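Enquirer: A predicted structure for the sequence below; I have some questions about it.
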Amino acid sequence: MVYESVELLRAFDDGKIFAKIDGHGPQLVVALHGWSRTSNDFLKLVSTLDMNRFRLVRFDLPGFGESAPPDEPVGTQYYASAIDRAICELLSGDDAFGEDSRVILVGHSFGGRIAIRIGAARPKWLGSLVVSGVPLFRGGSSRSVPLSLSIAKFLASKGIIGAPRLDKIKSKHGSLDYRNAQGVIRDILVKSVNEDYSDALSMIEVDTFLIWGALDSAAPIDMARRALEILPRGKLDVIADGDHFAIFSDRSSLSKTIDEISNNRLGTL
């Protein structure tokens with residue numbers, strides 16, 4: 001039977017977070033996008049997965065797409081808890097899913113940070129993880145702090161210059177994501193990029209599949225290899241010519257991995 005795409009927009013967690021839902025299969029796949037992106041990043045999965053077998057839930061993370069930002073600066077644990085509540089709400093409100101339903105959770109970049117947090121919390125509904133391009137460890141960037149920024153931080157600590165002046169200097173030297181972010185979203189970015197996931201990785205009990213672009217400059221491939229040494233049950237698939245967005249530019253790697261997990265063709269890691 002040919003699946004006719006009918007996208008449903010649904011609110012979760014008292015309207016704090018929205019998701020686009022496609023498909024009507026028994027296997028639930030939840031996708032979490034990267035920083036300053038939206039659920040549309042995973043739209044291609046609707047055409048590459050069999051939507052008669054899968055139900056795809058693409059969240060707009062708080063602060064992006066259809067979902068409003070949090071009221072205050074939060075870290076990835078806030079996002080992980082919000083997604084957990086939303087998935088529990090979805091599972092409990094749909095007769096198609098039983099108590100033994102297991103979710104394939106997919107996360108790219110910032111969404112992967114959240115997926116790792118969820119994996120470490122070991123919710124009952126989690127079946128397996130698929131992550132890509134995730135900045136998992138602090139110190140991944142080789143850029144040195146510009147002298148002018150170091151001086152500005154020192155002057156601000158002494159009360160010689162105010163916060164607006166310091167923020168202007170930070171914007172000049174910050175990453176593109178930092179320069180584009182404003183208000184609470186910028187504060188969330190700063191808080192999140194300073195997180196380290198070494199302990200969280202070691203606590204994940206489910207099979208975790210890493211799909212990485214060999215040319216990823218935002219989250220270098222060495223991060224994936226280091227994560228593989230920490231994960232109790234991990235597997236790494238390297239896309240030779242892939243960059244930070246390899247799972248989207250490569251048409252088959254992500255959908256093939258999801259399909260094989262669902263069919264249990266990959267076995268237990």
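Expert: Received it, and whenever you're ready, just let me know what you need. Residues are numbered from 1 along each chain as shown.
Enquirer: burial count for Ile258?
Expert: Per other C-beta atoms under 10 Å, the neighbour tally for Ile258 reads 23. Quick note: C-beta positions are derived from backbone N, CA and C, even for glycine.
Enquirer: I misspoke; the intended subject was Arg233.
Expert: Arg233: 14 neighbours (other C-beta under 10 Å).
Enquirer: swap in Leu32?
Expert: Leu32, neighbours per other C-beta under 10 Å, totals 29.
Enquirer: just the one 10 residues further on next, same as before
Expert: Other residues lying near Phe42 total 26 when counted by other C-beta under 10 Å.
Enquirer: over to Phe245?
Expert: There are 18 residues near Phe245, going by other C-beta under 10 Å.
Enquirer: what's the domain layout of this protein?
Expert: Structural domains annotated on the chain: 8-138+195-262, 143-194, as defined by automatic domain parsing.
Enquirer: would TSV of these with mean pLDDT be doable?
Expert: Below are those laid out as TSV (pLDDT from 0 to 100):
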stretch	mean pLDDT
domain 8-138+195-262	94
domain 143-194	62
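Enquirer: what's the most buried one of the ones you listed?
Expert: domain 8-138+195-262 (a mean of 19; mean count of other C-beta atoms under 10 Å).
Enquirer: check which helix or strand Ala31 maps to.
Expert: Using DSSP states H and E, Ala31 maps to strand 27-32.
Enquirer: which residue comes closest to Leu85 once chain neighbours are left out?
Expert: Wrong residue type there; residue 85 is Arg, not Leu. Asp13 (5.1 Å; C-beta to C-beta, 6 or more residues apart in numbering).
Enquirer: let's check: the centremost residue of the chain is which one?
Expert: Gly111 (1.0 Å; C-alpha atoms, centre = their mean).
Enquirer: pretty sure that residue sits in a helix.
Expert: Yes: assigned with DSSP: H, G, I helix; E, B strand; the rest coil, Gly111 falls within a helix.
Enquirer: what residues are up against it?
Expert: Applying C-beta atoms under 8 Å, 6 or more residues apart in numbering, we find Gly111 in contact with 31-34, 61.
Enquirer: kindly provide the distance from it to Leu61.
Expert: Between Gly111 and Leu61 the distance is 7 Å, computed by C-beta to C-beta, to the nearest Å.
Enquirer: anything in contact with each of the two?
Expert: Listed as contacting both Gly111 and Leu61 by C-beta under 8 Å, 6+ apart are 32-33.
Enquirer: give the helix, strand or coil label for Ile211.
Expert: Strictly by three-state DSSP, Ile211 counts as strand.
Enquirer: not counting its neighbours along the chain, what's nearest it?
Expert: Using C-beta to C-beta, 6+ apart, the closest residue to Ile211 is Ser132 (4.5 Å).
Enquirer: hmm, that neighbour is touching His108, no?
Expert: Yes: the pair Ser132 / His108 is scored as a contact, 5.1 Å apart, by C-beta atoms under 8 Å.
Enquirer: what touches both of these two?
Expert: Ile247.
Enquirer: Ser192 in helix, strand or coil?
Expert: Going by three-state DSSP: Ser192 is helix.
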